[in-house]
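1. Need coordinates for the below:
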Amino acid sequence: MEVSVNEKGEVEFTEFNAMEAYRVAIRLETEGLAFYEKLAGVFHDPAIIRALRFLADAERRHLEVFRGQLKLETVV
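-> Numbers count the residues shown, from 1 in each chain. From the prediction side, this is the model:
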C-alpha cells in the first residue's frame, strides 16, 4: 500500500489489496466503536445514550463482517 498527501492536503491510499483494505476497515471500525462507547459514558440523556449504543452495535457488526472477510482472504 502506498500512502500520499495530495495538493489539497488529503491523504490518498493507492496500490493496496483486499487484505489491506479489510485491515484498514477493521481499524476504522474499532476506533469508531471505542469512540461511541466512550461518548455514551459522557452523556446522561437516555435517548442520546441509546443512539450512541446503537451506533456502537453497528460498528461491532461491521467488525464481524470485515474480520470474516479478512479470514476468508487469508485462506484463498
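
2. And the helix ranked longest in the chain, what does it pack against?
-> The longest helix of the chain (DSSP state H) is helix 46-75. Secondary-structure packing of helix 46-75 (3 or more Cβ pairs under 8 Å, 6 or more residues apart in numbering; DSSP states H and E): helix 18-40. Where C-beta positions appear, they are placed from N, C-alpha and C, glycine not excepted.

3. now the angle from the longest helix of the chain to helix 18-40?
-> Angle, helix 46-75 to helix 18-40, by axes from the mean of the first three to the mean of the last three Cα atoms, to 10 degrees: 160 degrees.

4. mean confidence for helix 46-75?
-> For helix 46-75, the mean pLDDT works out to 94.

5. Same question for stretch 33-42.
-> The pLDDT scores in stretch 33-42 average 97.

6. Mind listing what's buried along it?
-> Judged by neighbour count using 16 or more other Cβ atoms under 10 Å, the buried positions of stretch 33-42 are 33, 36, 39-40.

7. Could you do stretch 59-76 as well?
-> Within stretch 59-76, the residues scored as buried using 16+ other Cβ under 10 Å are 59, 62-63, 66, 69-70.

8. Closest one to residue 5 out of these, please.
-> For the buried residues of stretch 59-76, the closest approach to residue 5 (Cβ to Cβ) belongs to residue 66, at 25.5 Å.

9. pretty sure the closest one is touching residue 19, no?
-> No. In this structure, residue 66 is not within contact of residue 19 by Cβ atoms under 8 Å, at 10.9 Å.

10. Tell me how far the residue nearest the centre of the chain lies from residue 42.
-> Closest residue to the average C-alpha location of the chain: residue 29 at 1.8 Å, with Cα atoms, centre = their mean. Separation of residue 29 from residue 42 (Cβ to Cβ, to the nearest Å) stands at 21 Å.
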